[in-house]
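Chemist: sequence first, predicted model second:
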Amino acid sequence: MNDLRQFKDNSGNTVYSARELHAYLGSERNFTTWFDYQVESCNLTKDKDYSELLTNNVINSGIKRGRGRPAKDYALSLTAILTINARANQTGTVMTKALAQDVAQRKELTILDYAREIVKLADNNKVILEKNQELSQAKELAEHKAEESEKTVERIIEVTNEKLSHHKDQVEFADRVSNDKRLYPIGSVAKLLQLDIGRNDLFEILRNDKILMKSENPVQDNEPYQQYKQYFERKMKERKGISKKTGKPYHIIIYQTLVNARGLIWLSKRYGGKNPDYNISMSITPIQPSSPTQQRMQFRGGL
């Protein structure tokens, strides 16, 4: 059986005669019924997969109806030809691989376009893939690209899991202290976060980083700056008594800077502190919230 003839449309694209394909496949249906069925079943798009030919078009199969009137024909793209052929294989009408081989030999398609056409037909036309080595190579290329894409997705998932694992300790630590209403002295914070420094060193760091104020005025000394008050609370302690040394009465007011649970997490992230077992906080004796009367004496940073 002769191969289908190739023609060029007005844009220079290679096309094929629908009537010649109809005759080539040996369909028992009349041409109009057969072609309408192919358009519907193969989801062919007009002006993309096929176009109607005028009687004076260069492509003319020469088939005529009665009274010498030229028969109506359609120009089919390569994609349409292969798709119709794929469905023909499923119904028992097999086309030889000559058409696909001829297109490959003429290099009418780039390898990427060729691969795309093969992938579209792979599920519905395994017979062509098995008989045509070039089509198989194109399929392998497409599968290789799909495998690379799959590996990329797996790598993204792996990296995401690594990041989640990296922050797991901090998340668990945050969960454990989220409902903690206790207040922690600076010295206790240094121990809890395992910063390997003492109370005075941590105070000095917080002052140098402009988190706490440094002032000779005891009311303002070690008071947090406005943007950091959400992490601290200030308490005032009043001490009265008789001096054992001088025998005179004394009245002292002490201001203390404390860290709340939110500040504990923030300091851990800022200074790279470790997140130990939260049970260690039980041995540090944090300061419990004061009574309503004492609360009125506090200098709160506010949340």
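Modeler: Here it is on my side, so go on.
Chemist: ok, the residue nearest to residue 52 when sequence neighbours are not counted - contacts?
Modeler: Sequence neighbours aside, residue 74 is the residue nearest to residue 52 in space, at 5.8 Å (criterion: Cβ to Cβ, 6 or more residues apart in numbering). For glycine as for every other residue, the C-beta is placed from the backbone atoms N, C-alpha and C. Contact partners of residue 74, counting by Cβ atoms under 8 Å, 6 or more residues apart in numbering, are 17, 18, 19, 35, 50, 51, 52, 53.
Chemist: let's verify residue 74: helix, strand, or coil?
Modeler: Following DSSP: H, G, I helix; E, B strand; the rest coil, residue 74 is assigned to strand.
Chemist: next one: it from residue 270, what distance?
Modeler: From residue 74 over to residue 270 the distance is 72 Å, taken as Cβ to Cβ, to the nearest Å.
Chemist: what strand or helix carries residue 184?
Modeler: Using DSSP states H and E, residue 184 sits within strand 184-185.
Chemist: hang on, the earlier thing: which two among the contacts of residue 74 are spaced furthest apart?
Modeler: 19 and 51 (13.9 Å; Cβ to Cβ).
Chemist: the more surrounded of those two?
Modeler: When residue 19 and residue 51 are compared on other Cβ atoms under 10 Å, the one with more neighbours turns out to be residue 19, at 22 against 15.
Chemist: what helix or strand does the more buried one sit in?
Modeler: Assessed by DSSP H and E, residue 19 sits inside helix 18-25.
Chemist: ditto for residue 240
Modeler: Taking DSSP H and E as the criterion, residue 240 maps to strand 232-242.
Chemist: got the CA positions of that strand in PDB?
Modeler: Once non-C-alpha atoms are left out, strand 232-242 reads as follows in PDB (Å, rounded to 0.1, in the frame of the first residue of the first chain):
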ATOM      1  CA  PHE A 232      10.000  41.600  79.800                       C
ATOM      2  CA  GLU A 233       8.300  42.800  82.900                       C
ATOM      3  CA  ARG A 234       9.500  45.200  85.600                       C
ATOM      4  CA  LYS A 235       8.800  44.600  89.300                       C
ATOM      5  CA  MET A 236       9.400  46.900  92.200                       C
ATOM      6  CA  LYS A 237      10.300  45.500  95.600                       C
ATOM      7  CA  GLU A 238      10.100  47.500  98.700                       C
ATOM      8  CA  ARG A 239      12.300  46.700 101.800                       C
ATOM      9  CA  LYS A 240      11.900  48.300 105.200                       C
ATOM     10  CA  GLY A 241      13.700  47.500 108.500                       C
ATOM     11  CA  ILE A 242      16.300  48.500 111.100                       C
END
